[in-house]
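Engineer: Output the structure for:
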Amino acid sequence: MGILDRFKSNKAAQDKTRKMSDTAERKANERTGNKYESQIDSGQQKMHERLGMDEERPDQP
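Structural biologist: Just a heads-up that it's a prediction; the model follows:
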């Protein structure tokens, strides 16, 4: 089992990562005056997909 597989099965780690990601998104938008909001959001969504944290997907057991 690889490190990403272990991460995908660890709900607490996913919640912490999501919280940190949201904070980073807010700060980046704040610093850029929301000029790049769509690009920042797109990047965050791609990161969540890669880590298996898609919001559209139902929670995994």
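Engineer: I'd like the distance between the closest residue in space to Thr32 that isn't next to it in sequence and Leu4.
Structural biologist: In space, Thr32 comes closest to Ile40 once its chain neighbours are excluded; the distance is 7.8 Å by C-beta to C-beta, 6 or more residues apart in numbering. All C-beta atoms are positioned from the backbone trio N, CA, C, and that covers glycine. With distances taken as C-beta to C-beta, to the nearest Å, Ile40 is found 23 Å from Leu4.
Engineer: So those two - more neighbours on which side?
Structural biologist: For Ile40 versus Leu4, the count of surrounding residues by other C-beta atoms under 10 Å is larger for Ile40: 18 against 11.
Engineer: The spatially most central residue of the chain and Lys11, how far apart?
Structural biologist: Central residue of the chain (C-alpha atoms, centre = their mean): His48, 4.0 Å from the mean position. When C-beta to C-beta is applied, the distance between His48 and Lys11 equals 14 Å.
Engineer: ok, now Glu30?
Structural biologist: Applying C-beta to C-beta, the value for Glu30 to Lys11 is 29 Å.
Engineer: now Ile3
Structural biologist: Counting by C-beta to C-beta - Ile3 and Lys11 are separated by 16 Å.
Engineer: out of these two, which sits in the busier spot?
Structural biologist: Neighbour count, other C-beta under 10 Å: between Ile3 and Lys11, Lys11 has more, with 11 against 7.
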